[in-house]
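Student: From the sequence below, what's the structure:
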Amino acid sequence: MSSFPSRARVVIVGLGGIVGASVAHHLVENGWDDIVGIDKSGVPTDVGSTAHASDFCYATSHDLLSCWTTMYSMDFYEKMGNYKRIGGLEVARVGDDARMAELKRRVDSGKAFGTNVSIISAAEAKAKFPLLEEDQIQG
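Tutor: Coordinates of the predicted model:
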């Protein structure tokens, strides 16, 4: 393994996710070199929105830039034939009111920034993913 460079023209923090990888691709495509990518932990990882979940991209966030860059990257990879939108679920368990409140805030932010996101019932979640235990899911 080579040593970590002491300098670079570009350093991409969060290279393991969909946005960081898209940034690296565009830089290389436009002739840039001397690029270093770093991530908080190994890929796949348990942090970030996409580095740990190969095809599940969270396009919801509390800021426009995060929503826009994720949606742009999803569109970009889909046009290249390297991404397929299949959807996904995030759930809050019964009794985890803090998680449910955060999901509601993220849905509100996501809608404000143009993402396709909604809160569904436990029954709707079970219909989409039958392995869920409906009585354990709040939303």
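Student: Quickly list the domain ranges of the protein.
Tutor: 1-53, 54-138 (the TED database).
Student: And those domains, which one averages the lowest pLDDT?
Tutor: In terms of mean pLDDT, the lowest-scoring of the domains of the chain is domain 1-53 (a mean of 77).
Student: which helices and strands does the host helix or strand of residue 75 pack with?
Tutor: Under the criterion of DSSP states H and E, residue 75 resides in helix 64-79. Helix 64-79 sits against helix 18-29, with contacts defined as 3 or more C-beta pairs under 8 Å, 6 or more residues apart in numbering; DSSP states H and E. C-beta here means a position set from N, CA and C on the backbone, and glycine is covered the same way.
Student: so the helix it packs on versus helix 64-79, what angle?
Tutor: 70 degrees (axes from the mean of the first three to the mean of the last three C-alpha atoms, to 10 degrees).
Student: Buried residues, helix 18-29. List them.
Tutor: By 16 or more other C-beta atoms under 10 Å, the buried positions in helix 18-29 come out as 18-24, 27.
Student: So which of these is the closest to residue 61?
Tutor: Comparing the buried residues of helix 18-29 against residue 61 with C-beta to C-beta places residue 19 closest, at 10.9 Å.
Student: which residues in this protein form strands?
Tutor: 10-13, 35-38 (DSSP state E).
Student: Turn the buried residues of helix 18-29 into JSON lines, including distance to residue 72.
Tutor: Listed next are those as JSON lines, based on distance: C-beta to C-beta, whole Å:
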{"residue": "18", "distance to residue 72": "9"}
{"residue": "19", "distance to residue 72": "8"}
{"residue": "20", "distance to residue 72": "13"}
{"residue": "21", "distance to residue 72": "12"}
{"residue": "22", "distance to residue 72": "7"}
{"residue": "23", "distance to residue 72": "10"}
{"residue": "24", "distance to residue 72": "14"}
{"residue": "27", "distance to residue 72": "15"}
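Student: Quick check: the two most widely separated of these?
Tutor: 18 and 27 (15.3 Å).
Student: can you give me the helices in this protein?
Tutor: 18-29, 64-79, 97-112, 122-128 (DSSP state H).
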